[in-house]
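S.K.: just coords:
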């Protein structure tokens, strides 16, 4: 699929909402994306949108995170949410959005990126189980889903050198986003 990916603009909000509703079949993730885009505690954030021709087919959002009681110069992001419209799924759109986002974040000096997601999908993009490195989610993850909380090191010197609990922005800091 020939894609064009760019940072979002305020004029993209309707398309972002639509993509998330179509991708998930309900509006919970769409509302989360909207809340994150309006959350000042999520800054700096990275919001990317994917086009196939003139059609918006995907969206990804990365928001600011930090580790509890850790080096304030450590730069962390949290990937959530990622959505691809059903007609474009399984065609590499999500992977291209992840790749573009990680490249941008690496250039910006981000050290670690976290995601709570499908444990068979995100490892294809270099994510590893965060618990293996002593990196805890903002809320406890049930043992049967521990592999869904993952981290990707954009600065390989950091992973294994830091540990603790991730603190996310206000819009994500609700238990409902971290439970089944």
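M.R.: Arrived safely, thanks for sending. Because the structure is predicted, anything quoted here is derived from the model rather than measured. Numbers count the residues shown, from 1 in each chain.
S.K.: work out for me the element the nearest residue to residue 60 once chain neighbours are set aside sits within.
M.R.: Distance criterion C-beta to C-beta, 6 or more residues apart in numbering; nearest residue to residue 60, sequence neighbours excluded, is residue 97 at 4.1 Å. Bear in mind the C-beta positions are built from the backbone N, C-alpha and C, glycine included. Take DSSP states H and E as the rule and residue 97 turns out to sit in helix 93-107.
S.K.: next SSE downstream of that helix?
M.R.: Sequence-wise, the next helix or strand downstream of helix 93-107 (DSSP H and E) is strand 112-116.
S.K.: what is that following strand packed up against?
M.R.: Other helices and strands packing on strand 112-116, by 3 or more C-beta pairs under 8 Å, 6 or more residues apart in numbering; DSSP states H and E, are strand 76-84, strand 149-153.
S.K.: what's in contact with it?
M.R.: Here strand 112-116 makes contact (C-beta atoms under 8 Å, 6 or more residues apart in numbering) with 62, 65, 74-80, 102, 105, 122, 127, 130, 135, 137, 141, 148-155, 158-159, 162, 166, 177-178.
S.K.: tell me which residue is most central in this structure.
M.R.: Nearest residue to the geometric centre of the chain (C-alpha atoms, centre = their mean): residue 79, 1.0 Å.
S.K.: how much space is there between that residue and residue 140?
M.R.: Using C-beta to C-beta, to the nearest Å, residue 79 is found at 20 Å from residue 140.
S.K.: what's the answer for residue 161, then?
M.R.: Per C-beta to C-beta, residue 161 is found 24 Å from residue 140.
S.K.: ok so, going back, I'd like to know how far the residue nearest to residue 60 sits from residue 119.
M.R.: As judged by C-beta to C-beta, residue 97 and residue 119 stand 19 Å apart.
S.K.: can you check residue 169 too?
M.R.: Note on residue 169: its distance to residue 119, by C-beta to C-beta, is 24 Å.
S.K.: so for the two, which residue has more residues nearby?
M.R.: residue 169 (21 against 15; other C-beta atoms under 10 Å).
S.K.: check the closest residue to that one other than its chain neighbours and give its pLDDT.
M.R.: Leaving aside its sequence neighbours, residue 169 sits nearest to residue 42 (C-beta to C-beta, 6+ apart; 3.8 Å). pLDDT recorded at residue 42 is 96.
S.K.: contacts only, for residue 96.
M.R.: The neighbourhood of residue 96, defined by C-beta under 8 Å, 6+ apart, consists of 3, 5, 50, 58.
S.K.: mind checking how far it is from residue 4?
M.R.: 10 Å.
S.K.: can you work out which residues contact both of the two?
M.R.: Residues touching both residue 96 and residue 4 by C-beta under 8 Å, 6+ apart: residue 50.
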